[in-house]
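Asks: need the 3D shape of this:
(one chain, ligands or ions: 2)
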Amino acid sequence: MNVYDSDRITDALAPLGYQTTDGPEGADMVILNTCHIREKASEKVFSELGRLRMMKEKARDQQGRNVMIAVAGCVAQAEGEEITRRAPWVDIVVGPQTYHRLPELVAKIDPGTRSRIVDTEFPEEVKFDLLPGEHAPRGPAAFLSVQEGCDKFCAFCVVPYTRGAEFSRPVSAVVAEARRLVATGTRELTLLGQNVNAYHGEASDGKTWNLARLLAELAEIEGLDRLRYTTSHPLDMDDDLINAHRNLPQLMPYLHLPIQSGSNHILAAMNRRHETSAYLAIIDRLRSARPDIAMSGDFIVGFPGESDRDFADTLALVDKVGYASAYSFKYSPRPGTPAASDDRQVPEDVKADRLEALQQLLNAQQFAFNKATEGHRMDILVERPGRREGQMAGRSPYMQAVNFQGNEDQIGDIVSCVITQAKQKSVSGELDNLKGAA
Ligand code: 5AD
Ligand code: SF4
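Replies: Ligands and ions are numbered 1, 2, ... in the order given. Model prediction:
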């Protein structure tokens with residue numbers, strides 16, 4: 001979502017003449033778009049700001065040039081005042097719901113005075129209605145935010161506080177944005193939301209559409225060949241959405257569906273409001289609808305009160321599901337969340353051991369998944385040149401990163417490849433000349 005927001009920030013500033021650069025050196029303005037989800041991400045902001053201070057001073061002293069520094073995103077939202085206190089060289093602090101105002105804020109900054117602006121309101125107006133259209137094409141695979149914020153209040157999570165209450169964009173706005181993206185070469189869209197499957201957007205028929213209905217509508221757009229959505233909560237995985245995986249050929253056979261823990265006792269403490277049996281039942285139904293669906297998830301180890309037994313339950317659940325990929329994290333206490341003040345915090349070394357054990361299992365599953373695709377022919381959406389000479393990089397329907405020998409003219413094509421070699425985080429393929437480029 002931050003990638004999407006950064007693109008939209010670029011759109012917002014384009015009318016003022018700003019363009020993106022490859023790095024901060026020489027830039028007139030540097031915007032850090034920040035993440036507050038775990039402490040590590042948050043702390044990085046302050047070390048980065050230290051570096052930017054030196055850059056700003058150098059530009060001023062050696063070139064008489066003013067470099068504007070802005071902090072956007074969820075750290076800005078949560079720690080706006082602290083940022084201006086710890087890093088007074090920051091000119092603008094802007095939250096995830098106010099970045100459409102950046103042009104006005106930039107205009108207000110007077111380099112002569114040391115004025116600073118903090119705008120972390122949750123405004124009445126909706127930023128999406130006020131942002132200009134895309135300044136530049138987004139490429140073959142693009143993101144589209146359809147839902148934002150969250151009302152679920154998992155005990156560990158800052159999102160409900162930083163992104164605010166759940167909000168769904170109207171269907172017409174989503175479809176218009178999708179059409180614009182497709183017109184500039186996008187063939188795959190990933191619909192985004194912190195709780196994307198809780199989507200309930202107003203439609204022109206006066207009804208409220210769910211995510212399945214929205215996906216069906218987007219599937220009608222000529223040239224939009226692939227659809228994905230992320231991230232979903234198990235409680236909002238309704239029958240319509242499960243059936244969409246059976247009925248919509250454009251909907252790719254891959255789903256990121258976090259459970260966080262395999263222990264019912266920890267799930268209750270996390271306020272996830274479901275048990276493991278419900279999660280496993282959803283996966284069974286998804287697999288009946290789309291037998292080849294690849295599963296992905298998120299896990300937190302060392303949530304307060306997590307015992308060895310609870311952790312063993314997580315490993316057992318992972319064993320049962322068999323993930324194609326997954327993300328796992330040590331629990332990080334976040335300011336203002338209920339779990340942060342729980343007095344049963346798990347020691348760091350225990351968290352580290354559990355994370356290692358879990359990642360070993362998840363890595364083995366990912367490799368096994370990749371290995372099982374060897375010899376299979378797949379449609380690959382070519383996104384960019386690969387790292388090696390003559391290599392191109394794209395994604396399989398199952399979200400695998402695929403590298404193959406090809407050429408840059410193929411960017412934006414869906415080509416047929418035979419998977420030749422599995423690696424841990426990617427696979428190699430060879431163009432299948434029998435079918436050729438589509
Ligand atoms: N500590 C560790 N991981 C967290 N996540 C969210 N909050 C925390 C936290 N306090 C993880 C969850 C979520 C993913 C986006 O980040 O697994 O699904
Ligand atoms: Fe955070 Fe997701 Fe829980 Fe919402 S559902 S509080 S975004 S983990």
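Asks: ok, the closest residue in space to Leu191 that isn't next to it in sequence - contacts?
Replies: Excluding the flanking residues, the one nearest Leu191 by C-beta to C-beta, 6 or more residues apart in numbering is Tyr229, at 4.2 Å. Using the backbone N, CA and C atoms, a C-beta is placed for each residue, glycine as well. Contact partners of Tyr229, counting by C-beta atoms under 8 Å, 6 or more residues apart in numbering, are 146, 190-193, 196-197, 211, 215.
Asks: three-state assignment of Tyr229?
Replies: strand (DSSP: H, G, I helix; E, B strand; the rest coil).
Asks: that one and ligand 1, how far apart?
Replies: Using C-beta to the nearest ligand atom, to the nearest Å, Tyr229 is found at 15 Å from ligand 1.
Asks: how is this protein carved up into domains?
Replies: Per automatic domain parsing, the structural domains of the chain span 2-119, 136-372, 377-431.
Asks: isn't Ile83 right up against Ala72?
Replies: No. Applying C-beta atoms under 8 Å as the test, Ile83 and Ala72 come out as separate, 10.9 Å apart.
Asks: so what sits against both of those two?
Replies: Joint contacts of Ile83 and Ala72 (C-beta under 8 Å, 6+ apart) are Val93.
Asks: all helices for this structure, in order.
Replies: 2-13, 39-63, 73-86, 102-108, 127-130, 159-162, 171-183, 211-219, 239-247, 264-269, 276-289, 308-321, 348-372 (DSSP state H).
Asks: to Ala136, which of the ones you listed lies closest?
Replies: helix 2-13 (7.6 Å; C-beta to C-beta).
Asks: the closest one near ligand 1 anywhere?
Replies: No. Shown here: helix 2-13 not in contact with ligand 1 (C-beta under 6 Å from any ligand atom), separated by at least 11.5 Å.
Asks: could I get the average pLDDT for that helix?
Replies: Mean pLDDT, helix 2-13: 96.
Asks: hmm, back to that, how about the domains of the chain in a markdown table, adding distance to Val126?
Replies: Output for those, formatted as a markdown table (distance: least, C-beta to C-beta, whole Å):
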| stretch | distance to Val126 |
| --- | --- |
| domain 2-119 | 9 |
| domain 136-372 | 7 |
| domain 377-431 | 30 |
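Asks: picking up where we left off before, tell me which of the contacts of Tyr229 is nearest to ligand 2?
Replies: Nearest to ligand 2 among those, counting by C-beta to the nearest ligand atom, is Gly193 at 9.3 Å.
Asks: run a quick neighbour tally on that closest one.
Replies: Neighbour count for Gly193, taken as other C-beta atoms under 10 Å: 26.
Asks: can you pull the contacts of it?
Replies: Counted by C-beta under 8 Å, 6+ apart, Gly193 has contacts 145-148, 168, 199, 229, 231.
Asks: mind redoing it with 6 Å?
Replies: Residues in contact with Gly193, defined by C-beta atoms under 6 Å, 6 or more residues apart in numbering, are 146-147.
Asks: near ligand 2, which residues of the stretch 51-200 of the chain?
Replies: So the stretch 51-200 of the chain meets ligand 2 at 150, 152-154, 157, 159-160, 194-195 (C-beta under 6 Å from any ligand atom).
Asks: only the buried subset of these, as a PyMOL command please.
Replies: Only the buried entries of these go into this PyMOL selection, using 16 or more other C-beta atoms under 10 Å:
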select buried, resi 150+152+154+157+159+160+194+195
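Asks: which of the residues of the stretch 51-200 of the chain next to ligand 2 fall within strands?
Replies: Residues of these located in strands (DSSP state E): none.
Asks: so which of the residues of the stretch 51-200 of the chain next to ligand 2 is the closest to Asp308?
Replies: When those are compared against Asp308 (criterion: C-beta to C-beta), the nearest one is Cys154, at 22.7 Å.
Asks: surely that closest one is in contact with Met270?
Replies: Yes. In this structure Cys154 lies within contact range of Met270 using C-beta atoms under 6 Å: 5.4 Å.
Asks: mind checking pLDDT for the nearest residue to Gly336 once chain neighbours are set aside?
Replies: Nearest residue to Gly336, sequence neighbours excluded (C-beta to C-beta, 6+ apart): Tyr161, at 5.9 Å. Per-residue pLDDT puts Tyr161 at 95.
Asks: so how far is Val321 from Tyr161?
Replies: From Tyr161 across to Val321, the span is 30 Å (C-beta to C-beta, to the nearest Å).
Asks: cool, and Asp240?
Replies: 23 Å.
Asks: between those two, which one's more packed in?
Replies: Val321 (20 against 15).
Asks: against ligand 1, how distant is that one?
Replies: As for Val321, its distance to ligand 1 is 15 Å (criterion: C-beta to the nearest ligand atom).
Asks: ok, now Ile293?
Replies: On the measure of C-beta to the nearest ligand atom, Ile293 and ligand 1 end up 19 Å apart.
Asks: from Tyr327, how far out is the closest residue to ligand 1 within the stretch 151-300 of the chain?
Replies: Minimum separation of the stretch 151-300 of the chain from ligand 1 (C-beta to the nearest ligand atom) falls at Asp298, amounting to 3.3 Å. Distance, Asp298 to Tyr327, by C-beta to C-beta: 5 Å.
Asks: check Thr184 too.
Replies: For Thr184, the distance to Tyr327 - C-beta to C-beta - is 30 Å.
Asks: look up the pLDDT of the residue nearest to Leu191 for me, please.
Replies: The model's pLDDT for Tyr229 equals 98.
Asks: and for Ala438?
Replies: So Ala438 comes in at 45 (pLDDT).
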